[in-house]
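Student: Please find the sequence and the predicted model below.
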Amino acid sequence: MPCLIVLLALFVPRVVIVLLWLFTHWFSGIFSIALWPVLGFVFLPTTLLWYTAVQHWWGGHWSVIPIIGIVIALLIDLSPAGGRRRHVRRW
């Protein structure tokens, strides 16, 4: 089951964020203001999920594995793949 959630988080991170917000207390107490999770939901959803995972699983301690994970999450969010790629028509 946890592997299925991880795969869902990689393919549809916004859906996972909404499900976590509705059915768990995953995001409670992590952010001081509600602006950061909203911005994360809109612009960097995979990074938001990884940041909250580090806060829960590693207690907010940023060692090598969490830093590698956040870099990978940023690359996933900022990559041109995943439907964000513009199709250029060439003649």
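Tutor: Noted; the coordinates are in hand. Residues are numbered from 1 along each chain as shown.

Student: can you give me how far stretch 12-22 is from the chain middle?
Tutor: 9 Å (C-alpha atoms, centre = their mean, to the nearest Å).

Student: typo on my end, stretch 11-24
Tutor: Worked out by C-alpha atoms, centre = their mean, stretch 11-24 lies 10 Å from the chain centre.

Student: Remind me which helix or strand the one residue sitting closest to the centre of the chain belongs to.
Tutor: By C-alpha atoms, centre = their mean, the mean C-alpha position of the chain lies nearest to residue 46, the distance being 2.0 Å. Here residue 46 sits within helix 45-57, counting by DSSP states H and E.

Student: swap in residue 68?
Tutor: helix 64-78.

Student: try residue 80
Tutor: Using DSSP H and E, residue 80 falls outside every helix and strand.

Student: Point me to the helix or strand that includes residue 7.
Tutor: Going by DSSP H and E, residue 7 is in helix 2-11.

Student: same check, this time on residue 28
Tutor: Here residue 28 is assigned to no helix or strand, by DSSP H and E.

Student: ok, it - how many residues close by?
Tutor: 8 (other C-beta atoms under 10 Å). Placement of C-beta: from N, CA and C, glycine included.

Student: How far away from the center of its chain is stretch 65-84?
Tutor: That offset, for stretch 65-84, works out to 9 Å (C-alpha atoms, centre = their mean).

Student: residues in contact with it?
Tutor: 10, 43-47, 49-51, 53-54, 58 (C-beta atoms under 8 Å, 6 or more residues apart in numbering).

Student: now, the most widely separated pair of those residues?
Tutor: Spanning the widest gap among these are 43 and 58, at 23.4 Å by C-beta to C-beta.

Student: Perfect, that will be all.
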